[in-house]
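*Asks:* Here is a sequence with its predicted model. Questions after.
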Amino acid sequence: MEVRFHFFRTLTGCLSLVLAALLPATTTAQKDVRARIDGERGNMAFTDIKTLEKARSFIRLDSTYYLGYFLEGGYMFFRANDKLGFTKAIVPLKKALQLIEKDYDRPLRTRSNNYRVYSEVYRYKADYGFLTYLLESCYQNVEMPDKAMDVLYHLRNRNFQVEMAGSAYNTMAWIYHRNRVYTSKQFPFLKNSVRENVATANRYLDSALLKLYNDAPMNNGLYDPNFLNRQYLSTYHYKAMIADYKLEVDSANLYYNELLRNGAYSSNNYAEFKLAMAELETANKFFVEAERREASVELKTKEYYYMRGTLDIYRGHPEQADTLLRKVLQQQGATPGFGWHSIGLARALHYEGLSDESQERTNKASNFQELHIGTTWGQEQYNLAVASLNYLNQLQFEKEYFFENDQWWFWFNPVNWYEWIRYALEIHHYKMVLASLIAENPERNQVIYTVFSSENLMSFDEVESAIDGFGNEYFIKIYKNLLNDDKRPNLKKYFCYFLGKLYLAEGNKTEATAYFKQVLDYKTIENEYQTMLRARVYEGLALASGNREERQNWTRKFYETFPQLVPFSDLKMEFQLVAGGATSGMAKDVLDDLKNCTIDFKGGNDTDRVSIDFSETTLGMEINYSVLAADGSKTLQQGTLHVPKKEANDAGKLLAYRLFGINKKLASEKPEVVKVPV
């Protein structure tokens, strides 16, 4: 969850002189030089190349003055987009911190209710606040939270009566929460469990509120009362974030309502909260708003794109997630967030049925060194998301092979036995990788098994796949407890679905059917954001059905709800087939290959109708196809497949996928896929 938040939003804005400074004991010549530097500082934006030129000229004029190093480090910070860039920025920022503390420690520690006294030191406090923000951010961005904490101790020890460009206690709380899965073995300042780290984060937030209360008398008369009151909102932001993580619904609502009332909320974080509550339509609304409200020029993980991709998949429109994330990746290039957006695109491609392309994107994410900037999303979650897609794609590769080769003599061919064994070994490998990551995850009960969480970056469908085959009785107990005790009413239908799947795996079709039908009894199940859930329930009911007619009825509903899922299920869709123009040998070969796929074309008038029309061209063949609903009310699929003569062997299989809305490429268009384990 993206949570870096403070009231000085325009961090790249201009830093101007306020009033004359309280200077330390320096020579007259040095005073004159620093006065000249201050006069030339003017209005400088950190993103302007002229700022770097000025910064270096200031260092040449006086290498003992902090300002040149501060401006240089700030410029480098906003230019950085990788670990090396932030590491380089640390050097001048660290130097600036040492120099400002050496020369201006007394002004930095000055507290006063007197306007004249306070105004004389304000400039140094403002610079120091922003300087510590930049430096601790650099350390966090290169995963050195212990160093970031050291910088924040410096800020806390100056005891500013009003903290600028950040808050020591709030940021300490954020660092504890962001690194909650680690212990003192990795970073000495941490506690030794997730629970202790989150509790410590909350205590720091309590300290932030207490400091605001204690500083209020000093600030009365200096600052507008509305400004002083709004300072509390920054801490409420973090309080809401932690309450959301802990699924303390009432507390999270309390803080978010106050933030919303004052217009001080993070659209992204509120969307994450609504997603955790399974209020998916509202979540999408605020993720869209987050993009519109985005003001910072810092390169960081833009969570709202990733999450919107997942929500589009829930809506049954993975192609829209594909379009969104592909555009984002083209615009941003290999900058922070590239890995996460690649994972999001890989997920969209998987649910489009494009397994090769999905694996290609998953490999790119696996090989990319992501910087998790401005987010609580960490490397553990990143590895888990990659492992999940590796496993799902491997399952889909096997399903593709069986879907494309459904001949009666299949098991008489030793090649097919070899492929079956190969896929089984591959699936087992990726399953074990995924299982080990989940087993080692100290917050799996809090984040993963609860299906929706502000820190769960897998879809509910992936969670169900991940737990499949690992102790059905154990998970039945977990989801029965969640069904009874979880305070999120919109999650009940998901828990029922999971129980249906678990009982189906146990062979108890009666109990499975009862839970699946409970899902369909919820009024919200018809909402467009429940499309994937509804489709999976239809699939479950088909698999649990006791007779052919009932099975085909549920399979047809499954197909009409989310057709791309059907070829990779254990169900066979039934169609009527009407073929025209199949007179040439090429057309007949295409039809034969089509009928060798896992599709039943012997359906009667009560089944959806497939119409295919072949026409030969000088270059090959043009195949027009459509799928009409059984009642004739709507066209479910339609399009044209152009097949070159040299690739006619693939045409039947490609056509089969097209009937399910899966636009697979010809062999010449496919990427070379190398499956890379996590």
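*Replies:* Okay, I see it.

*Asks:* Looks to me like Gln576 is in a helix.
*Replies:* No: assessed by DSSP: H, G, I helix; E, B strand; the rest coil, Gln576 does not belong to a helix; its assignment is strand.

*Asks:* Tell me if I'm right that it and Asn605 touch.
*Replies:* Yes: in this structure, Gln576 is within contact of Asn605 by CB atoms under 8 Å, at 7.2 Å. All C-beta spots, glycine's among them, are computed from the backbone N, C-alpha and C.

*Asks:* Neighbour count for those two, which is higher?
*Replies:* Higher neighbour count among Gln576 and Asn605: Gln576, with 18 against 7, using other CB atoms under 10 Å.

*Asks:* residue nearest the centroid of the protein?
*Replies:* For the chain, the residue nearest the mean C-alpha position is Tyr306 (4.4 Å; CA atoms, centre = their mean).

*Asks:* pLDDT weak spots in the protein?
*Replies:* Within the chain, the segments meeting pLDDT under 70 span 1-26, 295-299, 582-583, 667-678.

*Asks:* and it, what are its domains?
*Replies:* With domains defined by automatic domain parsing, the chain comprises 1-166, 168-264, 379-568, 573-669.

*Asks:* What are the boundaries of the helices in the stretch 351-500 of the chain?
*Replies:* With DSSP state H, counting those that start in this stretch applied, the stretch 351-500 of the chain shows helices at 355-367, 379-404, 414-439, 460-467, 472-485, 492-505, listed in chain order.

*Asks:* which one of the ones you listed lies closest to Thr235?
*Replies:* When those are compared by CB to CB, helix 379-404 sits nearest Thr235, at 25.4 Å.

*Asks:* by contact count, what packs against that closest one?
*Replies:* On a contact count with 3 or more CB pairs under 8 Å, 6 or more residues apart in numbering; DSSP states H and E, helix 379-404 meets helix 338-351, helix 355-367, helix 414-439, helix 460-467, helix 651-658.

*Asks:* coming back round to it: what residues does the residue nearest to the centre of the chain make contact with?
*Replies:* When contacts are counted by CB atoms under 8 Å, 6 or more residues apart in numbering, Tyr306 touches 325, 340-341, 343-344, 457.

*Asks:* what do you get for Asp215?
*Replies:* For Asp215, the contact set (CB under 8 Å, 6+ apart) comprises 161-162.

*Asks:* what secondary structure does it sit in?
*Replies:* helix.

*Asks:* now it: how far from Lys239?
*Replies:* Distance, Asp215 to Lys239, using CB to CB, to the nearest Å: 19 Å.

*Asks:* do the same with Tyr124
*Replies:* Per CB to CB, Tyr124 is found 31 Å from Lys239.

*Asks:* out of these two, which sits in the busier spot?
*Replies:* Between Tyr124 and Lys239, Lys239 has the larger neighbour count (other CB under 10 Å), namely 26 against 21.

*Asks:* wait, the more buried one sits on Tyr255?
*Replies:* Yes: using CB under 8 Å, Lys239 is in contact with Tyr255, at 4.9 Å.

*Asks:* how deep is the spatially closest residue to Gly580 that is not a sequence neighbour tucked in, by neighbour count?
*Replies:* Nearest non-adjacent residue to Gly580, counting by CB to CB, 6 or more residues apart in numbering: Asp613, 4.6 Å away. Using other CB under 10 Å, Asp613 is surrounded by 16 other residues.

*Asks:* Repeat that for Asn114.
*Replies:* Asn114 has 10 neighbouring residues, counting by other CB under 10 Å.

*Asks:* Let me see the backbone angles for it.
*Replies:* Dihedral pair for Asn114: phi -90, psi 120, per degrees, to the nearest 10.
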